[in-house]
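Enquirer: Pasting the sequence and the predicted coordinates here, then a few questions.
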Amino acid sequence: ALTLPMQAKVLRVIEEKRFERLGGTRTVAVEARIIALTNLDLELAVARGSFRQDLFYRLNVIPLVVEPLRERRSDVRPLALHLLAQLAEVHRRPELKLSAAALAALEKYDFPGNVRELRNLLERALVYAFGPEIRPEDLPAPVRDFGRDAGKSAKLTLREVERAHIAE
């Protein structure tokens, strides 16, 4: 989080379109567009006094609110496929498919960590997966078991329990 003194410096750069580098003596002119992202409620932060109102209004020109992934379940599939393709390239692995059951588990999960959590889950599954596709057992237990009742989650095979335990 930006401290109030740092917010004042950012506001000054936005308004004056120039700044001096730390330890420098020359003024540098800048022409920039700013895209600011936060998961904080800035209006509430302004009301509490932890975020400058003048900076808020300078940054709040075109607000774009993106709902959490748990409220956009239809985005899980395309995001997962895109991220999986990227991760396969990064790890120099043949691109894996997502089994229908694994995809269903991902679509049910709430993703408290949003897209970053989805990416990390897929990277982990890519590392643990055997064969040409990611299956539910390649996903962490909280994702696999999300939304199941206690009776169903207790009916795991010994292999599934061992695999989940080792993975955790």
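Expert: Perfect, I can see it now.
Enquirer: List the residues that contact Ala80.
Expert: 98, 103, 106, 118, 122 (C-beta atoms under 8 Å, 6 or more residues apart in numbering). Just so you know, the C-beta spots here come from the backbone N, C-alpha and C atoms, and that holds for glycine as well.
Enquirer: okay if I get these as CSV plus pLDDT, secondary structure and distance to Glu160?
Expert: CSV is the format used below for these (pLDDT from 0 to 100; DSSP: H, G, I helix; E, B strand; the rest coil; distance: C-beta to C-beta, whole Å):
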residue, pLDDT, secondary structure, distance to Glu160
Leu98, 93, strand, 18
Leu103, 94, helix, 18
Leu106, 94, helix, 17
Leu118, 96, helix, 22
Leu122, 95, helix, 20
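Enquirer: Would you format those residues as CSV with neighbour count and distance to Ala164 included?
Expert: Output for these, formatted as CSV (neighbours: other C-beta atoms under 10 Å; distance: C-beta to C-beta, whole Å):
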residue, neighbour count, distance to Ala164
Leu98, 22, 19
Leu103, 17, 19
Leu106, 26, 16
Leu118, 21, 19
Leu122, 27, 17
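Enquirer: From those, pick the one nearest Arg48.
Expert: Distance to Arg48, by C-beta to C-beta, is smallest for Leu118 among those, at 31.2 Å.
Enquirer: Could you check how far Val30 is from Leu2?
Expert: Distance, Val30 to Leu2, by C-beta to C-beta, to the nearest Å: 18 Å.
Enquirer: I misspoke; the intended subject was His91.
Expert: 35 Å.
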